[in-house]
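S.K.: Quick check, what structure comes out for this input:
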Amino acid sequence: MKRIMGMMANNPAEYASRYRTLLQTVAGRSDLAAAEGTPETRPVLSEMEVQSLWALGLFGCEWESERHGHVKILDFGEWNRSAGPDFLFAEMKINGRLVRGDIEIDPHAQDWEQHGHGANPRFNNVVLHVVLAQPPLGWFTRNSLHMEIPIIYLSPQKVREALDMQQPAIDAICGRDNWDNRTELCAQPLANMKLAQIESLLLAAAAHRMECKRRRYRRKAAVLGHAQASYEAWAECLGYSANKEPMLMLARRAPLKRLNGLDAEAVLLGTAGFLKPVLPNRAEPEARAYHRRVWDAWWQIKDDFALEGQRSPVWQFSGIRPFNHPHRRVAALAVSAAHWREIMPLLSAAHTKQLVDALCGLHHTFWERHSMIDSPALQRPCALVGRERAKDFLCNHVYVLDESREAWAAFTRLHRSALPTRVSHLAKSLFGQRNDLLGVMRHEYACQALLQIDADFCRNGACQDCLFPVQLKKLCTQQ
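M.R.: Model (predicted):
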């Protein structure tokens, strides 16, 4: 392909293809190929995320163990809610022999002993130890009965496949905290790009990002079904960046199908860990009445949903505006769940207005006037879901799922009311101070594109080793 950018086109697949060509051009250099298993190429996941991917079967179901031959999972087991192994009652074949028992997942094989599992009888029923780092030479996992437990190693490649992540373009690129250096190295080669070239580059990166998201969603929907997958997408959106992961884990621990016939507020607020037997003395009568109703429903189902200790979602509370407090976001998810059957048919570009109206029209008399269960009433009511949150859902999920030209056109028309600080820094580092870019950067696709470029080229490294701006300039001059 002779050029990466050119005339504006209406086909997002064409744009995405152009961006992939750029990725291949920069990443194709043998001296830039990232080594398998280095810290730079290993996706960083929390233990909760790893367990969630395992529960969905996204790591696959067949592996070669370290010393016990072929392992084929027949049943991934029940995701544990309390202390003990991560998954219970799993079923598998190890070297053709049917085995039933528990599964423990650890970042490192050595964590088994460091966490005391080897001396804990509760782990004697573990029949498979799953690790994300290559075990040390000669290592074996054993239980308190001194029986050896088979180990399987999930390589970085397996993790990337589960996340549908691409191999990072290069192993040493731009450090996030060195914005001045990035401006010096990136902006000089790229600052003279024509505005049409920049627009085309951003559209290409945004189209590629949309394709990646769509591919991930398809894999998830194939396992969970469209209803649960879209419900989880909405949960992530409600969590904003600070609580995106715990909201996703909450939606997965309390899926739609288990909410049928139950009080969704009680299930979700209780599973999130927000319901306590007694409210503080400062709580007002209205809060106490609401809490009593929800608690009365929760205690009857608590044993089926409660999460203990480290299995509970880790919520971020500091730096959160009252309107976006996790209590309120979980309540919004509960109200949404009750209406999800009516919302699902609206998840397309053709129903954008109806979807936004439906989401912004969700009501709750208590949560429109409170930010926390035990907080005083707000001075003025606040919508449970704002239009900016609905717009974010459109951009990151609804238009992604819809493969029509109408969805792509609607996506490229979306504007932002304010440019996020991170995106503003990225634009400055790549293109310098350009007044003609102000209008372009107000488009949602431009923000998405810069986040994609940052993910592909600007993470965990040094700017002086980055060939992205130089290579991009060469491609531009070939037009």
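
S.K.: What residues of the longest helix along the chain count as buried?
M.R.: Using DSSP state H, we find that the single longest helix of the chain is helix 195-224. By neighbour count on 16 or more other CB atoms under 10 Å, the buried set for helix 195-224 is 197-214, 216-217, 219-221, 224. Heads up, the C-betas are built off the backbone N, CA and C, glycines and all.

S.K.: Then stretch 260-278?
M.R.: Those would be 262-275, for stretch 260-278 by 16+ other CB under 10 Å.

S.K.: What's the mean pLDDT across that stretch?
M.R.: For stretch 260-278, the mean per-residue pLDDT is 95.

S.K.: For it, measure first residue to last.
M.R.: Terminal residues of stretch 260-278 are spaced 27 Å apart (CA to CA, to the nearest Å).

S.K.: what's in contact with that stretch?
M.R.: With contacts defined as CB atoms under 8 Å, 6 or more residues apart in numbering, stretch 260-278 is touched by 246, 250, 253-254, 258-259, 291, 294-295, 297-298, 301-302, 305-307, 312-313, 315, 326-327, 330-331, 333-335, 337-338, 373.

S.K.: secondary structure element for the residue nearest the centre of the chain?
M.R.: Per CA atoms, centre = their mean, the C-alpha nearest to the average position across the chain is that of Glu245, at 6.2 Å. Assigned by DSSP states H and E, Glu245 falls within helix 244-253.

S.K.: what residues does the helix or strand just after that helix touch?
M.R.: Counting by DSSP H and E, the next helix or strand C-terminal to helix 244-253 is helix 256-259. Under the criterion CB under 8 Å, 6+ apart, residues Ala227, Gln228, Tyr231, Val267, Leu268, Phe305, Ala337, Trp340 lie in contact with helix 256-259.

S.K.: swap in stretch 99-106?
M.R.: Outside of stretch 99-106, the residues within contact range by CB under 8 Å, 6+ apart are 47, 50-51, 54, 76-77, 84-93, 112, 115, 117, 123, 125-132.

S.K.: Which of the buried residues of stretch 260-278 sits closest to Ser429?
M.R.: For the buried residues of stretch 260-278, the minimum distance to Ser429 (CB to CB) is 37.6 Å, reached by Ala272.

S.K.: so the closest residue to Ile103 other than its chain neighbours bridges to which residues?
M.R.: Ranked by CB to CB, 6 or more residues apart in numbering and with sequence neighbours excluded, the top spatial neighbour of Ile103 is Phe87, at 4.2 Å. Note on Phe87: beta-bridge partners by DSSP bridges are Trp79, Ile103.

S.K.: what's the offset of stretch 77-94 from the middle of its chain?
M.R.: Between the mean C-alpha location of stretch 77-94 and the chain-wide mean there is a distance of 24 Å, by CA atoms, centre = their mean, to the nearest Å.

S.K.: now that stretch: mean pLDDT?
M.R.: 95.

S.K.: Can we start the residue count at 512 from this point?
M.R.: In the new count, where the first residue is 512, that last one comes out as stretch 588-605.

S.K.: Now the two most distant members of the buried residues of stretch 771-789.
M.R.: Leu773 and Gly784 (17.5 Å).

S.K.: re earlier: the buried residues of stretch 771-789 in helices, which ones?
M.R.: Residues of those located in helices (DSSP H): Ala775, Glu776, Ala777, Val778, Leu779, Leu780, Gly781, Thr782.

S.K.: Distance check, the first one against Val805.
M.R.: The reference is to Ala775. For Ala775, the distance to Val805 (CB to CB, to the nearest Å) stands at 10 Å.

S.K.: Between the ones in helices among the buried residues of stretch 771-789, which sits nearest Gln668?
M.R.: Thr782 (33.3 Å).

S.K.: Strands along the stretch 512-661 of the chain, start to end?
M.R.: 573-575, 581-586, 589-590, 598-605, 608-617, 637-642, 652-653, 659-660 (DSSP state E, counting those that start in this stretch).

S.K.: Would you mind giving these as a markdown table with mean neighbour count added?
M.R.: Converted to a markdown table, the strands of the stretch 512-661 of the chain look like this (neighbours: other CB atoms under 10 Å):
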| stretch | mean neighbour count |
| --- | --- |
| strand 573-575 | 14 |
| strand 581-586 | 15 |
| strand 589-590 | 14 |
| strand 598-605 | 18 |
| strand 608-617 | 18 |
| strand 637-642 | 24 |
| strand 652-653 | 20 |
| strand 659-660 | 18 |
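
S.K.: any chance of those in JSON lines, plus distance to Thr876?
M.R.: Listed next are the strands of the stretch 512-661 of the chain as JSON lines, based on distance: least, CB to CB, whole Å:
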{"stretch": "strand 573-575", "distance to Thr876": "52"}
{"stretch": "strand 581-586", "distance to Thr876": "44"}
{"stretch": "strand 589-590", "distance to Thr876": "34"}
{"stretch": "strand 598-605", "distance to Thr876": "40"}
{"stretch": "strand 608-617", "distance to Thr876": "43"}
{"stretch": "strand 637-642", "distance to Thr876": "46"}
{"stretch": "strand 652-653", "distance to Thr876": "53"}
{"stretch": "strand 659-660", "distance to Thr876": "53"}
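
S.K.: Kindly state which of those strands is positioned closest to Asn703.
M.R.: Here strand 637-642 is closest among the strands of the stretch 512-661 of the chain (CB to CB), at 49.6 Å.

S.K.: ok, and what's touching that closest one?
M.R.: In contact with strand 637-642 (CB under 8 Å, 6+ apart) are residues 565, 582, 596, 601, 603, 605, 610-620, 622-623, 628, 652, 654, 660-665.

S.K.: Please apply the same query to stretch 583-596.
M.R.: Contacts of stretch 583-596 (CB under 8 Å, 6+ apart): 562, 565-566, 568, 572-573, 597-604, 613-615, 633-634, 636-637, 764, 816-820, 822.

S.K.: how's this protein carved up into domains?
M.R.: Under the assignment automatic domain parsing, the domains of the chain span 512-540+685-990, 558-674.

S.K.: If we go by neighbour counts, what in stretch 858-875 is buried?
M.R.: Residues Leu858, Ser859, Ala860, His862, Thr863, Leu866, Val867, Ala869, Leu870, Leu873, His875 are the ones in stretch 858-875 that count as buried (16+ other CB under 10 Å).

S.K.: swap that for stretch 932-951, please
M.R.: For stretch 932-951, burial by neighbour count (16+ other CB under 10 Å) applies to Val934, His936, Leu937, Ala938, Lys939, Ser940, Leu941, Phe942, Gly943, Arg945, Leu948, Val951.

S.K.: Distance check, the third one against Thr652.
M.R.: If I follow you right, that is Leu937. With CB to CB as the criterion, Leu937 and Thr652 are 44 Å apart.
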